[in-house]
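1. here's a sequence, model it:
(one chain, ligands or ions: 2)
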Amino acid sequence: MLTLDATADSAEALEEQGRLLARALPPFAVVVLIGELGAGKTTLMKGVAEGWEVASADEVTSPTYTLIHEYQRGGRRLLHLDLYRIETGAQLETLGLDDVLRPPESGERKLVAIEWGERVEDQLPRPYVRLEITPTGGGIRHLRSSWVR
Ligand SMILES: Nc1ncnc2c1ncn2[C@@H]1O[C@H](COP(=O)(O)OP(=O)(O)OP(=O)(O)O)[C@@H](O)[C@H]1O
Ligand SMILES: [Mg+2]
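-> Ligands and ions are numbered 1, 2, ... in the order given. Next up, the predicted model:
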């Protein structure tokens, strides 16, 4: 994956960046989505699900209350997490992060994308992708990604 440094001037443009990102990722990847409330993390994930070929954009909704949404098609899996409401280590235990982060069987593809994932950064396998979405005013979002090793 090339390092991403882009702007998106609409939700549709942000979705498109998500598609491009997903298509450029290796068969197993963990992506941490960083950005304030309403930055566009879930919007980006709609495109990611399409680029990973597991769901259409309108099938992707925020896992705010359920903490995790899983999409699967053929040997491809997408786990979309939102840890905003996680408050205790016990809640994380219930979520089973170890399982979520386990590499896929050979021949399968697994993408784990975590909104507010900076909260569990020390538990993530290296390398992972850190993607920051920054609203810069006027409906514009700036996107930057890098591998954390
Ligand atoms: N350029 C843009 N790109 C993406 N979303 C935009 C843009 N301009 C405005 N928006 C709006 O911003 C909102 C982004 O919401 P979204 O749920 O994707 O954010 P989020 O980062 O997932 O928030 P949360 O932390 O609450 O989960 C949407 O309502 C969207 O229509
Ligand atoms: Mg969200």
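2. so which helix or strand takes in the residue of the chain found nearest ligand 2?
-> Nearest to ligand 2, among the residues of the chain, is residue 42, at 3.3 Å (C-beta to the ion). Heads up, the C-betas are built off the backbone N, CA and C, glycines and all. Element membership for residue 42 (DSSP states H and E) is helix 41-51.
3. who does the residue nearest to the spatial centre of the chain bridge with?
-> Central residue of the chain (C-alpha atoms, centre = their mean): residue 113, 2.6 Å from the mean position. Under the criterion DSSP bridges, residue 113 forms beta bridges with residue 31, residue 80.
4. just residue 143 next, same as before
-> For residue 143, the beta-bridge assignment (DSSP bridges) gives partners residue 6, residue 133.
5. need the contact list for it.
-> By C-beta atoms under 8 Å, 6 or more residues apart in numbering, the residues touching residue 143 are 4-8, 14, 17, 44, 131-134.
6. could you pick out the buried ones from these?
-> 4, 8, 14, 17, 44, 131-133 (16 or more other C-beta atoms under 10 Å).
7. rewinding a little: can you narrow the contacts of residue 143 to ones near ligand 2?
-> Among the contacts of residue 143, no residue lies close to ligand 2 (C-beta under 5 Å from the ion).
8. mind picking the one among those that's closest to ligand 1?
-> residue 14 (3.8 Å; C-beta to the nearest ligand atom).
9. how close does the closest residue to the closest one other than its chain neighbours sit to residue 23?
-> Once flanking residues are discounted, residue 14 sits nearest to residue 8: 4.0 Å by C-beta to C-beta, 6 or more residues apart in numbering. Look at residue 8 and residue 23: by C-beta to C-beta, to the nearest Å, they are 16 Å apart.
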